[in-house]
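> Structure here, sequence nowhere to be found:
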Ligand code: SF4
């Protein structure tokens with residue numbers, strides 16, 4: 001259950017419909033109301049966990065205290081031990097970060113951009129290096145020490161401040177390698193009518209998709225940041241997913257023989273995910289792989305993988321698959337008109 005405790009806000013984030021000048025009706029929930037409503041939904045089987053965020057009307061510490069009070073009621077009075085994702089507000093103090101890490105299963109704070117100047121362009125009152133990043137790192141250290149598996153998350157607004165994918169993923173890679181960040185979200189900018197950035201161009205949603213795919217390569221496929229296939233302009237190619245782009249630039253590593261390639265190399269084949277690679281390695285010990293049908297059965301996307309694999313020395317496809325862009329309809333609704341939905345990005349994840 002996602003709750004925005006109040007949509008009143010004194011900040012002027014340029015992409016947000018509930019920024020201080022936004023023409024939206026404002027409302028606020030007391031901590032008691034958040035806790036009671038959630039517990040009713042939870043007991044009725046309608047909500048398994050809580051995601052709690054808030055606007056910032058006035059002092060950030062006061063809004064953060066109200067959020068912490070709601071979770072404290074859930075934990076202490078209601079005895080609720082389930083999932084709570086608590087959004088840290090910009091300007092929260094260190095003691096509040098500690099309290100959030102103690103009470104919540106997951107803590108997040110939106111970094112918005114990979115550098116201080118980018119963040120100022122998006123959200124003039126937010127301070128990346130003096131506030132957002134140190135708070136995320138503090139929360140990450142606390143959750144890591146407490147061995148809470150969900151750890152921290154963050155979100156970037158992609159596009160209008162001119163940042164590069166290389167900068168975003170460089171920061172993400174550093175935080176994830178230090179286990180201060182579990183994973184990152186990327187939000188392709190869409191101008192919202194009535195906001196300070198309503199005249200800016202929308203970011204193609206396919207860029208958001210490519211960032212997610214590249215982050216998965218770092219976190220689940222054993223790729224190092226230096227291996228990500230950035231174009232000379234510092235962004236990921238849009239036509240191919242990053243794994244395919246990397247494979248096409250490293251022809252010397254392919255094709256791989258299905259019957260012999262180690263798990264770590266199979267993971268680098270486009271169309272082979274961690275589960276398929278593991279199943280393939282297990283299955284080939286027990287039975288003979290006869291052809292593409294057997295590979296499909298273990299989860300390999302043979303249309304994408306065929307060019308990069310051989311079976312008994314014969315390549316399974318004569319050429320790489322056509323560009324993946326066709327496979328992802330996300331890439332199509334990219335020149336849409338400005339959004340009219342009055343929901344701020346921080347209310348999503
Ligand atoms: S993004 Fe959050 S902090 Fe910024 S204006 Fe919107 S509600 Fe306020």
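Okay, I see it. Note that the structure is a prediction, hence the values are computed from the model and not measured. Numbering: from 1, shown residues only.
> residue ranges with poor pLDDT in this structure?
149-150, 324-349 (pLDDT under 70).
> rerun that using 50 as the cut-off
325-326, 328-342 (pLDDT under 50).
> Quickly list the domain ranges of this structure.
Structurally, the chain divides into domains by automatic domain parsing as follows: 2-230+334-347, 242-322.
> so what does the helix or strand hosting residue 175 touch, helix or strand wise?
Per DSSP states H and E: residue 175 is located in helix 165-177. Here helix 165-177 touches helix 133-145, strand 152-158, strand 183-188, helix 205-220, going by 3 or more C-beta pairs under 8 Å, 6 or more residues apart in numbering; DSSP states H and E. No exception for glycine: its C-beta is placed from N, CA and C like everyone else's.
> Run through the residues that contact residue 207.
Residues near residue 207 by C-beta atoms under 8 Å, 6 or more residues apart in numbering: 158, 159, 165, 188, 235, 236, 238.
> Any chance of JSON lines for those residues, columns distance to residue 82 and neighbour count?
As requested, the contacts of residue 207 are exported to JSON lines (distance: C-beta to C-beta, whole Å; neighbours: other C-beta atoms under 10 Å):
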{"residue": "158", "distance to residue 82": "32", "neighbour count": "22"}
{"residue": "159", "distance to residue 82": "36", "neighbour count": "21"}
{"residue": "165", "distance to residue 82": "36", "neighbour count": "23"}
{"residue": "188", "distance to residue 82": "31", "neighbour count": "20"}
{"residue": "235", "distance to residue 82": "40", "neighbour count": "17"}
{"residue": "236", "distance to residue 82": "37", "neighbour count": "24"}
{"residue": "238", "distance to residue 82": "39", "neighbour count": "17"}
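> got the contact list for residue 107?
By C-beta under 8 Å, 6+ apart, the contact list for residue 107 reads 85, 86, 87, 88, 97, 100, 101, 139, 143, 152.
> measure the residue nearest to residue 237 when sequence neighbours are not counted to the ligand for me?
Among residues not flanking residue 237 along the chain, residue 245 sits closest, at 5.0 Å (C-beta to C-beta, 6 or more residues apart in numbering). According to C-beta to the nearest ligand atom, to the nearest Å, residue 245 and the ligand sit 33 Å apart.
> following the helix or strand hosting residue 245, which helix or strand shows up next?
Following DSSP H and E, the helix or strand that holds residue 245 is helix 242-249. Next in sequence after helix 242-249, counting helices and strands by DSSP H and E, comes strand 256-257.
> Run through the neighbouring helices and strands of that following strand.
Against strand 256-257 (3+ C-beta pairs under 8 Å, 6+ apart) you get strand 309-311.
> List the contacts of the strand it packs on.
Residues outside strand 309-311 that contact it (C-beta under 8 Å, 6+ apart) are 255, 256, 257, 258, 259, 269, 289, 291, 295, 315, 316.
> Mind putting these into CSV with distance to residue 147 and neighbour count?
Formatted as CSV, the contacts of strand 309-311 follow (distance: C-beta to C-beta, whole Å; neighbours: other C-beta under 10 Å):
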residue, distance to residue 147, neighbour count
255, 42, 20
256, 37, 18
257, 41, 13
258, 39, 23
259, 40, 13
269, 34, 28
289, 40, 17
291, 45, 12
295, 38, 24
315, 46, 14
316, 43, 18
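> from the stretch 51-200 of the chain, which residue is nearest to the ligand?
Nearest to the ligand in the stretch 51-200 of the chain, going by C-beta to the nearest ligand atom, is residue 55, at a distance of 3.9 Å.
> so what's the nearest residue to that residue once chain neighbours are set aside up against?
Distances taken as C-beta to C-beta, 6+ apart put residue 9 closest to residue 55, at 3.4 Å, once the chain neighbours are dropped. Residue 9 is in contact with 16, 18, 19, 20, 55, 56, 57, 344, counting by C-beta under 8 Å, 6+ apart.
> Which ChimeraX command selects the buried ones in these?
Written as a ChimeraX command, the selection of buried residues from these, which uses 16 or more other C-beta atoms under 10 Å, is:
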select :16,18,19,55,56,57,344
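> picking up where we left off before, for the residue of the stretch 51-200 of the chain closest to the ligand, grab phi and psi.
Dihedral pair for residue 55: phi -80, psi 180, per degrees, to the nearest 10.
> shouldn't it be in contact with residue 3?
No - counting by C-beta atoms under 8 Å, residue 55 stays clear of residue 3, with 12.0 Å between them.
> Could you measure from the spatially most central residue of the chain over to residue 139?
Central residue of the chain (C-alpha atoms, centre = their mean): residue 185, 2.0 Å from the mean position. Computed with C-beta to C-beta, to the nearest Å, the distance linking residue 185 and residue 139 is 16 Å.
> Please list all residues in contact with the residue nearest to residue 180 when sequence neighbours are not counted.
Distances taken as C-beta to C-beta, 6+ apart place residue 140 nearest to residue 180, at 3.0 Å, with adjacent residues excluded. Contact analysis of residue 140 by C-beta under 8 Å, 6+ apart lists 151, 152, 175, 178, 179, 180, 181.
> Write the ChimeraX selection for whichever of these are buried.
Per 16+ other C-beta under 10 Å, the buried members of the contacts of residue 140 correspond to this ChimeraX selection:
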select :151,152,175,180,181
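> List the contacts of the residue of the stretch 51-200 of the chain closest to the ligand.
Per C-beta under 8 Å, 6+ apart, neighbours of residue 55: 4, 5, 6, 7, 8, 9, 11, 18, 63, 344.
> for residue 144, same thing?
With C-beta under 8 Å, 6+ apart as the criterion, the residues that contact residue 144 are 151, 179, 180.
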